[in-house]
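K.L.:
Sharing a model prediction with you, sequence too.
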Amino acid sequence: MAAWRQLPTTGETFLDHLGHFVPDMEAAHEELTRLGFKQTPYVLHAFTDAAGQRQPMGTANRCVMLREGYLEVLTVTDGSTPTGSRTQRQLDRYTGVHIVAMTDPDAMARRARQAAAGFHPQEPTPLKRPVPILAEDGTETGAGDAAFTVIKNPEEDMPEGRVQVLSHHTEDLVWQEFWMRHDNGIVALRDVIIVPKDLGEAEERYARFTEVSPQRLGDGLIRYPLARGGILLATPDRAAALLPGATVPPAPGVAGYALLSDDLAATRSFLEGRGFTPKDTEWPGVLSLVLPGSLGGCWLVAENESALPWNG
């Protein structure tokens, strides 16, 4: 990849990150390590209230930072809070991806457009999480607070998961060089495969939410191409065909996603050396990997974005 770019400019929307909800953070951490990922430190989520005080949200996370985008792994620490309760309800349905986050340079303007388009965006959530500042060799040189503005929607708006839009305010803190170097060669997040209950109903709704015209890719598959990455809506059968060997979660839900490697052969060799079984697919240059049960979900991995089945 010639030039990495984390954040969109005016008029662009990127697929920013995906979030796995897991019941056991330590088990998920161990499997992510075995998969070859560095992970950011375990952090309790908090938001800043009207008085400027940080309040716990009832969840905690670790992140896998990529050259483009990232993966979040999130667990419940207090199910009595609104966020903790909603997260636990979603986790009770299945372990796997429940957050689909897009980034827009102006979340507040996006919130206004969502409301005008018939959605019910909640009040913006100003999030912060402490982040150590590391040199390229991992030596800690300071600390800071990563800051985000997140626009969440009620489950009635987007029942497939916590489908949301955010703005980043501290790019250099979030994407530090040390955290983006992974032994498995994975470098970028690309597309996510969502399984709605009613594909026909969801098609129009996601067009309004993403502000992108849908691409119909045959029976049971629709793609919304973003300025980076994309959102795919699929029937359960089409999702199963795209993700061989995976157990597709009950609709509505998120079945899996696509990643890019800087060297697919090296990624395969690394994963096999760690005891995983990446499989060839019917699409040349694309591997699939069913993730461990502690994480849930399934990957498609390609070296060239054009090899992904929806780009052919």
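P.N.:
Nice, thanks for sending it over.

K.L.:
Contacts for stretch 132-148 next, please.
P.N.:
41, 126-131, 166-170, 173-174, 176-179 (C-beta atoms under 8 Å, 6 or more residues apart in numbering). In short, each C-beta sits where N, CA and C put it, glycine included.

K.L.:
Would you indicate which residues of that stretch are buried?
P.N.:
P132, L134, A146, A147, F148 (16 or more other C-beta atoms under 10 Å).

K.L.:
Pull the contacting residues for C63.
P.N.:
H17, Q39, T40, Y70, L71, E72, V73, W179.

K.L.:
what's the closest non-adjacent residue to the second one?
P.N.:
If the residues on either side of it in the chain are set aside, Q39 comes closest to R62, at 4.4 Å by C-beta to C-beta, 6 or more residues apart in numbering.

K.L.:
Identify all residues paired with that neighbour through a beta bridge.
P.N.:
For R62, the beta-bridge partners are V73 (DSSP bridges).

K.L.:
and the nearest residue to G118 once chain neighbours are set aside, how many neighbours?
P.N.:
Nearest residue to G118, sequence neighbours excluded (C-beta to C-beta, 6+ apart): R208, at 6.7 Å. Residues near R208, counting by other C-beta atoms under 10 Å, number 14.

K.L.:
Can I take it that R208 is in a helix?
P.N.:
Yes - assessed by DSSP: H, G, I helix; E, B strand; the rest coil, R208 belongs to a helix.

K.L.:
which non-adjacent residue is nearest R110?
P.N.:
That would be D104: by C-beta to C-beta, 6+ apart, it lies 4.5 Å from R110.

K.L.:
for the chain, what are the low-confidence residue spans?
P.N.:
The chain contains residues with pLDDT under 70 at 1-2.

K.L.:
what ranges do the helices span in it?
P.N.:
25-34, 82-93, 107-116, 171-174, 199-210, 236-242, 264-273 (DSSP state H).

K.L.:
Take those helices and lay them out in CSV including distance to I186.
P.N.:
Converted to CSV, these look like this (distance: least, C-beta to C-beta, whole Å):
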stretch, distance to I186
helix 25-34, 11
helix 82-93, 25
helix 107-116, 27
helix 171-174, 17
helix 199-210, 25
helix 236-242, 19
helix 264-273, 7
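
K.L.:
and the ones you listed, which is most packed in?
P.N.:
Per-stretch averages of neighbours, counted by mean count of other C-beta atoms under 10 Å, single out helix 236-242 among these, with a mean of 19.

K.L.:
Tell me the helices and strands packed up against it.
P.N.:
Contact here means 3 or more C-beta pairs under 8 Å, 6 or more residues apart in numbering; DSSP states H and E; on that basis helix 236-242 packs against strand 186-195, strand 253-261.

K.L.:
switch the cut-off to 10 Å
P.N.:
Secondary-structure packing of helix 236-242 (3 or more C-beta pairs under 10 Å, 6 or more residues apart in numbering; DSSP states H and E): strand 186-195, strand 221-225, strand 230-234, strand 253-261, strand 298-302.

K.L.:
Include mean neighbour count and distance to R110 when you put those into TSV, please.
P.N.:
Listed next are those as TSV, based on neighbours: other C-beta atoms under 10 Å; distance: least, C-beta to C-beta, whole Å:
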stretch	mean neighbour count	distance to R110
strand 186-195	24	19
strand 221-225	21	15
strand 230-234	24	15
strand 253-261	25	21
strand 298-302	24	28
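
K.L.:
Of the ones you listed, which is nearest Q90?
P.N.:
Ranking these by proximity to Q90 (C-beta to C-beta) places strand 253-261 first, at 8.9 Å.

K.L.:
Just the C-alphas of stretch 216-234, formatted as PDB.
P.N.:
Provided in PDB are the C-alpha atoms of stretch 216-234 (Å, rounded to 0.1, in the frame of the first residue of the first chain):
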ATOM      1  CA  ARG A 216     -26.700  -4.900  -6.000                       C
ATOM      2  CA  LEU A 217     -24.300  -7.800  -6.500                       C
ATOM      3  CA  GLY A 218     -26.700 -10.600  -7.500                       C
ATOM      4  CA  ASP A 219     -29.200 -12.400  -5.300                       C
ATOM      5  CA  GLY A 220     -28.800 -11.700  -1.600                       C
ATOM      6  CA  LEU A 221     -25.900  -9.300  -1.600                       C
ATOM      7  CA  ILE A 222     -25.800  -5.500  -1.500                       C
ATOM      8  CA  ARG A 223     -22.700  -3.300  -1.000                       C
ATOM      9  CA  TYR A 224     -22.400   0.300   0.000                       C
ATOM     10  CA  PRO A 225     -18.900   1.400  -1.100                       C
ATOM     11  CA  LEU A 226     -17.400   4.000   1.300                       C
ATOM     12  CA  ALA A 227     -14.500   6.200   0.500                       C
ATOM     13  CA  ARG A 228     -12.500   3.500   2.200                       C
ATOM     14  CA  GLY A 229     -13.900   0.000   2.800                       C
ATOM     15  CA  GLY A 230     -17.500  -0.900   2.500                       C
ATOM     16  CA  ILE A 231     -20.700  -2.200   4.100                       C
ATOM     17  CA  LEU A 232     -22.200  -5.400   2.800                       C
ATOM     18  CA  LEU A 233     -25.700  -6.600   3.500                       C
ATOM     19  CA  ALA A 234     -26.300 -10.300   2.900                       C
END
